[in-house]
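Novice: 3D model of this:
(one chain, ligands or ions: 1)
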Amino acid sequence: MLRRCLAGGLALVYPADEGAYSEEGERSVWLMRLRDAALTDELLREIPKAELHIHIEGSLEPQMMFEIAARNGVRLRYGSVREVREAYDFADLQTFLDLYYEGTRVLLHERDFYELTFAYLQKATSQGVRHAEIFFDPQAHTDRGVAFETAITGIHRALLDGQRRLGVSSHLILCFLRHLSADEAAETMRRALPYKGQIVGVGLDSSEVGHPPEGFKAVFEEAARHGFHRVAHAGEEGPPEYIRQALDELGAERIDHGVRCVEDPGLVRRLRDEQVPLTVCPLSNVRLRVFPSVEEHPVKRMLGEGLCVTVNSDDPAYFGGYVADNYCAVRDGLGFAREDFRAVAENSFRASFLGEGEKKELLEVLASYFET
Ligand SMILES: [Zn+2]
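Specialist: Model prediction:
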């Protein structure tokens, strides 16, 4: 019978009997056992980590979707939680997006956005997340008549409470929907400016194929002029060329997904040489049929190539797991070892938009987790 606690970021495992933990020597013995322990689900959850690829609207669990729908009098296409879950058999990115946008229709009031965001933060912190960089899709709301202010105020209030009550830091990234026009993206940028202090960067998401990054060059330049960081989804379903465009035309500092880079050795070399962070989401890629199984996912190979890989959840309510569930999946499917997990967790902090001091602190917590 083992009992577990976290002390200063260090996981200790020791017998439930307090007497057995009375000497420093005993502590060392148990720490030694931890070092040699198998990578259990619990240990993977406890690794201090950042999550850099999570769409807050994609963390809307079916249960919450129905609760908020009932509260707001919104009629859903689905009759029950079970029916929604059955619809999770996606053929591709577009079939997922159809359900994703259906779900967002229930979000009408600031309280809805608050509850959605705080629920994600609770779940994420239970999986070791110390810092989250969260995407939101304002156009998915403003196009339905929900004010930009309603969405961002609810989300921001939850992020502040997450810091205060859960000890998780966070940043918010505004994503432009690439299936809509560049003019609409520019309009969204204008609406965001009064909330500049609450947004760390801009991104690009939604239907990738047929909507190359270069179409959004002007709005990304505008975002850069206002001091926003820039990221973009590229190379998920779209070709490696979209990754190059995201880097060269949009000035993207991180690539979200980027997994199709493996088809282009020259691009892999560039991503390695420039250490461009890639926010990889294995369960999402399998659920959306980018790869047939986790076993066939290239993330371990990418890490082996020296790429700056992080592991994330994407839309956890829809894709079968939160960030640590993705860690478990790559352990089971690809044999990720202790040093692989250490590398992706280190990368997650390094690739974040935290200040250097904050990064250093979190990297020290991580090092003590692995080394002490
Ligand atoms: Zn995504």
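
Novice: ok, the residue nearest to residue 156 when sequence neighbours are not counted to residue 138 distance?
Specialist: For residue 156, ignoring the flanking residues on the chain, the nearest one in space by C-beta to C-beta, 6 or more residues apart in numbering is residue 198 at 4.8 Å. C-beta coordinates here come from the backbone N, C-alpha and C atoms, glycine included. As defined by C-beta to C-beta, to the nearest Å, residue 198 lies at a distance of 12 Å from residue 138.

Novice: Model confidence at residue 289, what's the number?
Specialist: If you check residue 289, the pLDDT there is 94.

Novice: Confirm for me that it is in contact with residue 91.
Specialist: Yes. Between residue 289 and residue 91 a contact is recorded at 6.8 Å, counting by C-beta atoms under 8 Å.

Novice: Looking at these two, which is more packed in?
Specialist: residue 289 (14 against 9; other C-beta atoms under 10 Å).

Novice: The more buried one: what's it in contact with?
Specialist: Applying C-beta atoms under 8 Å, 6 or more residues apart in numbering to residue 289 gives the contacts 90, 91, 92.

Novice: Phi first, then psi, for it.
Specialist: The phi and psi values for residue 289, taken as degrees, to the nearest 10, are phi 60, psi 30.

Novice: can you check the one 4 residues further on too?
Specialist: The phi and psi values for residue 293, taken as degrees, to the nearest 10, are phi -160, psi 160.

Novice: can you map out the strands along this structure?
Specialist: Counting by DSSP state E, residue ranges of the strands within the chain are 2-7, 10-15, 49-55, 129-136, 169-177, 201-205, 229-234, 254-257, 277-280, 308-311.

Novice: Which one of those lies nearest to residue 352?
Specialist: strand 49-55 (4.9 Å; C-beta to C-beta).

Novice: From the contact counts, what lies against that closest one?
Specialist: Applying 3 or more C-beta pairs under 8 Å, 6 or more residues apart in numbering; DSSP states H and E, we find strand 49-55 packed against helix 110-125, strand 129-136, strand 254-257, strand 277-280, strand 308-311, helix 323-334, helix 338-350.

Novice: Using a markdown table, lay out these together with mean neighbour count, mean pLDDT and distance to residue 368.
Specialist: Output for the helices and strands packed on strand 49-55, formatted as a markdown table (neighbours: other C-beta atoms under 10 Å; pLDDT from 0 to 100; distance: least, C-beta to C-beta, whole Å):
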| stretch | mean neighbour count | mean pLDDT | distance to residue 368 |
| --- | --- | --- | --- |
| helix 110-125 | 21 | 98 | 19 |
| strand 129-136 | 26 | 98 | 13 |
| strand 254-257 | 26 | 98 | 26 |
| strand 277-280 | 27 | 98 | 23 |
| strand 308-311 | 26 | 98 | 20 |
| helix 323-334 | 22 | 97 | 19 |
| helix 338-350 | 20 | 97 | 12 |
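
Novice: Quick one: closest of those to residue 39.
Specialist: Between residue 39 and these, the tightest spacing by C-beta to C-beta is seen for helix 323-334, at 5.6 Å.

Novice: I'd like to know how many residues surround residue 217.
Specialist: 15.

Novice: Turn the helices and strands packed on strand 49-55 into a markdown table, including distance to residue 230.
Specialist: Shown next, in a markdown table, are the helices and strands packed on strand 49-55 (distance: least, C-beta to C-beta, whole Å):
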| stretch | distance to residue 230 |
| --- | --- |
| helix 110-125 | 23 |
| strand 129-136 | 13 |
| strand 254-257 | 8 |
| strand 277-280 | 12 |
| strand 308-311 | 16 |
| helix 323-334 | 23 |
| helix 338-350 | 17 |
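
Novice: out of those, nearest to residue 157?
Specialist: Within the helices and strands packed on strand 49-55, the stretch nearest residue 157 is helix 110-125; the backing value is 5.4 Å (C-beta to C-beta).
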